[in-house]
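> give the three-dimensional model of this entry:
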Amino acid sequence: MASRLDRLGCEARQRIVDEELQRFLPEIMEFTLTYRGALPSAEAKSHSDVQWRIRRHFHEQLKTQWRYEITLRRYRQNQFRFPPHDDPDRLAYCEYRHGPFAFVPLVIHAPAMQFVCHLDIELLRRDTPGEIFAGGDLDNRIKVLFDALRVPDRNQIKREKPGPDETPFFVLLEDDKLITEFSIVSKHLLRPPAPTRPPLLAEQEKDVELNIRVAVEIGEQSPYQGKGRI
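Reported below is the predicted structural model:
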């Protein structure tokens, strides 16, 4: 049986969505994502594999955010569908089908609602503070991180397949252009590497820990800009 939204025309359906969204806007959405492991430069050969490892790590945390954050719970319960979008891969609010994956970004740019986010990144590493800034290496590592936070391009899927608990697959961003502001603080990582064999120990020495505080708000071009934050 078709849902109430599916039975209505675009204008009526949009009106229902608008009314529901206005109830959500006074809420502020802030949360923290964490990661521990490798963060290679975008120029490293292994960066694609590590990117998927990071993407899956954040998927688990974002899945929890969608489950317990009241605003996101309402979105999922109502399964809002916006009017036709110029991207054929967008089947519903924040859902993209690329190959076997159904990606669900939290921060989207849709006709009815446009969000942006700010990231405050705390980077803990075992290098001497300041070393990875040399030669633009920090920029390349942050590029790997930002790519792991967004819906991947089709050519980034390759042989990847969703795991048993990865449909839908949650990501933070529809596009990394929706990051309108970010800051990075680099600190020394005091936790010693776990005891292991020398080759793995050398790799662990390069590992980092990330604490990413995310703040989501309404974009300046949104119909609801100025009415509140979520």
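> now the helices for the protein?
4-7, 10-24, 47-68, 70-78, 137-149, 198-204 (DSSP state H).
> so what pairs up with Phe170 in the strands?
Judged by DSSP bridges, the bridge partners of Phe170 are Val104.
> same deal with Arg36?
Judged by DSSP bridges, the bridge partners of Arg36 are Glu209.
> need the contact list for it.
Residues in contact with Arg36 (CB atoms under 8 Å, 6 or more residues apart in numbering) are 207-210. Heads up, the C-betas are built off the backbone N, CA and C, glycines and all.
> now for the protein, the helix or strand with the poorest mean pLDDT.
Using mean pLDDT, DSSP states H and E, strand 90-92 stands out as the lowest-scoring helix or strand of the chain, at a mean of 43.
> pick out the shakiest of the helices of the chain, pLDDT-wise.
Lowest mean pLDDT of those: helix 198-204, a mean of 49.
> excluding sequence neighbours, find me the nearest residue to Arg143.
Heads up, residue 143 is Lys, not Arg. Counting by CB to CB, 6 or more residues apart in numbering, Lys143 lies nearest to Ala42, which is 4.6 Å off, once chain neighbours are set aside.
> would you confirm that the one you found contacts Phe146?
No: contact status for Ala42 versus Phe146: not in contact, 9.8 Å apart, counting by CB atoms under 8 Å.
> still on that earlier bit, confidence score at the residue nearest to Lys143?
pLDDT, Ala42: 75.
> show the contacting residues for it.
Going by CB under 8 Å, 6+ apart, Ala42 touches 140-141, 143-144, 147.
> now it: phi and psi?
For Ala42, the backbone dihedrals (degrees, to the nearest 10) come out as phi -60, psi -20.
> next: Gly163.
Dihedral angles (degrees, to the nearest 10) for Gly163: phi -80, psi -180.
> distance-wise, check the closest residue to it other than its chain neighbours relative to Arg191.
Ranked by CB to CB, 6+ apart and with sequence neighbours excluded, the top spatial neighbour of Gly163 is Arg56, at 7.6 Å. Distance of Arg56 to Arg191, given as CB to CB, to the nearest Å: 22 Å.
> neighbour-wise, which of these two wins?
Neighbours were counted for Arg56 and for Arg191 using other CB atoms under 10 Å; Arg56 has more, 15 against 10.
> I'd say that one and Glu166 touch.
Yes: counting by CB under 8 Å, Arg56 does reach Glu166; the two are 7.3 Å apart.
> of the contacts of Arg36 - the most surrounded one?
Counting neighbours by other CB under 10 Å, Leu210 leads those with 21 neighbours.
> the nearest residue to that residue once chain neighbours are set aside: neighbouring residues, count only.
Of all residues not flanking Leu210 in the chain, Tyr35 sits nearest, at 4.3 Å (CB to CB, 6+ apart). Tyr35: 19 surrounding residues under other CB under 10 Å.
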